[in-house]
Structure formats: structure tokens, C-alpha cells
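# let's see this in three dimensions:
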Amino acid sequence: MVVVAEAFGAVAVVLNFIGYRQNNVDRYLLISAFALASLSAHFFMLDAMAAGGGTLLASVRNIIAIKNRSNLILFAFIGINIGFLCYEWFVLEHHWNIFIAYASSLIFTIGSIVIRDTHQIRKTFLVAESLGLLYAISVGSIFGTVFNISNLISIISKLKR
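Model (predicted):
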């Protein structure tokens, strides 16, 4: 099962590398949605529920954010993130590191729906990817870690141009 999980992680890395190279936010959101869906499967297979749920939610959010960026959508996704966090923390009593995953998810949520400039979205996602990297390392995800490192490299290289 771990090999299959890491294969999904590898697909996510490749897709997100392509996504971060896009100069159009909508194209980035679409390619990223597929990468996030693959990464979600990866994390669920590793029993990292916070990351699995967060990335699945992010995949759906990216698809919706291509056409709809209303405050209602923004607040709905923020509420869903906070709801999942509360469920994991209070009901499932998961480890405190879920706060790292959900902080990353909230930054991505707000950025994906509110920001329309590719340069600004990259700068904002530097923080979210860094938090994602910390979480991936904390749950022992090889390709989750590679995913975040490659995304950070992609963002930094595009920002320097």
C-alpha cells in the first residue's frame, strides 16, 4: 500500500510542477486541482487524514475558484476547513500537527479564491507550501515532502524571473 501511496505522490509532484509553471491563474488552478486530488489519495493511504482531507478539499476548491470567487464560496471553504479541524482535534483527538496542515490549507484557500495575480499568489503560497512541508515531514510522507520542496523551488524560480 505504501508503494501505491507514493506513486500517487509522484504523480502529484509532476502535475504540480507543471501547474506552478503556468502564467495564467485559472490554468494553474485546474492543473493544481488534479495534483491535489492525487496528493489527497497519497495522504489518505498513509493515514494522514488532515492532509488527505485538506488536499481533497483544496482540489474541489480550485475547480470552483476557476469560475466562482464570491465571498460566500470563500467563507464556506474557510468554514469547512475549520469544521474539519475541530472534528479532528476534539472528536478524533489527532496530534497537534494538524494545526500546521490546516493553517496551510487556509492560506491556500484564501489565496486561491481572492488573489488573481500570479506573482502575488506565488508569494502567498511560499508560506503555505512551507507549512505543508513541515506537516509532510511530521507524518513521514516521502512524496509529500518532495511535493512541497519541488513546489517551493518552482515558486522561487518563477519569482526570481
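# from residue 34, how far out is the residue positioned nearest the centre of the chain?
When the chain is reduced to its mean C-alpha position, the nearest residue by C-alpha atoms, centre = their mean turns out to be residue 55, at 4.9 Å. Separation of residue 55 from residue 34 (C-beta to C-beta, to the nearest Å) stands at 11 Å. For every residue, glycine as well, the C-beta is placed using N, CA and C.
# ok, now residue 132?
Taken as C-beta to C-beta, the spacing of residue 132 relative to residue 34 amounts to 17 Å.
# again with residue 24
As judged by C-beta to C-beta, residue 24 and residue 34 stand 16 Å apart.
# between these two, which one's more packed in?
Using other C-beta atoms under 10 Å, the more surrounded residue of residue 24 and residue 34 is residue 34, with 18 against 9.
# how confident was the prediction at the residue nearest to the centre of the chain?
Note on residue 55: pLDDT of 85.
# tell me the helix or strand right after the helix or strand hosting it.
Here residue 55 is covered by helix 49-67, with elements defined by DSSP states H and E. Secondary structure here is assigned by DSSP H and E; on that basis, the next helix or strand after helix 49-67 toward the C-terminus is helix 71-86.
# pull out the buried positions in that following helix.
Neighbour-count burial for helix 71-86, counted by 16 or more other C-beta atoms under 10 Å, picks out 73, 74, 77, 80, 81, 84, 85.
# can I get those in TSV including distance to residue 101 and pLDDT?
Output for the buried residues of helix 71-86, formatted as TSV (distance: C-beta to C-beta, whole Å; pLDDT from 0 to 100):
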residue	distance to residue 101	pLDDT
73	21	92
74	19	93
77	15	92
80	14	93
81	10	90
84	10	89
85	9	91
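# not counting residues beside it along the chain, what's closest to residue 111?
Sequence neighbours aside, residue 124 is the residue nearest to residue 111 in space, at 4.4 Å (criterion: C-beta to C-beta, 6 or more residues apart in numbering).
# which strand or helix spans the one you found?
helix 118-138.
# between that helix and helix 49-67, how many degrees?
For helix 118-138 against helix 49-67, the angle between stretch directions is 160 degrees (axes from the mean of the first three to the mean of the last three C-alpha atoms, to 10 degrees).
# what's the separation between residue 30 and residue 116?
Summarising the geometry, the distance separating residue 30 from residue 116, computed by C-beta to C-beta, is 15 Å.
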